[in-house]
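>>> The sequence isn't on hand, but the structure is:
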């Protein structure tokens, strides 16, 4: 089975996430870094998630390849609607 570029990217990303999760879990389990007091990072996860979501939105909106693809697809649909019917004999 040959994987496409998208499938390869997904597999590598999942593998990287699994490795990161294992290292992070081991570090937390064995106290390889000091524990923070409760409330030390108050709402940091919310702000980081908001910043990541905003960055993803900008990437998706400003990607020139997606914009050109959408224009091409719209033109194809318009051409198909405006095309005269094919004669049948």
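Yep, it's here. These numbers were taken from a predicted model, which means no experiment stands behind them.
>>> now the residue sitting nearest the centre point of the chain: how far from residue 31?
In the chain, the C-alpha nearest the mean C-alpha coordinate belongs to residue 56, at 7.2 Å (Cα atoms, centre = their mean). Relative to residue 31, residue 56 is positioned 34 Å away (criterion: Cβ to Cβ, to the nearest Å). (Each C-beta comes from the backbone N, C-alpha and C, glycine too.)
>>> Outline the domain layout of this structure.
Described in terms of automatic domain parsing, the domain architecture of the chain consists of the residue ranges 1-31, 46-83.
>>> could those be laid out in a markdown table, adding distance to residue 40?
Putting the domains of the chain into a markdown table (distance: least, Cβ to Cβ, whole Å) gives the following:
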| stretch | distance to residue 40 |
| --- | --- |
| domain 1-31 | 15 |
| domain 46-83 | 14 |
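>>> rank these by pLDDT, which is bottom?
Of all those, the segment with the smallest mean pLDDT is domain 46-83, scoring a mean of 77.
>>> Please enumerate residues in contact with the strand or helix carrying residue 28?
Using DSSP states H and E, residue 28 sits within helix 5-29. With Cβ atoms under 8 Å, 6 or more residues apart in numbering as the contact definition, helix 5-29 has outside contacts at 3, 32-33.
>>> and if we set it to 10 Å?
Applying Cβ atoms under 10 Å, 6 or more residues apart in numbering, the contact partners of helix 5-29 are 1-4, 32-33, 35.
>>> Many thanks, we can stop here.
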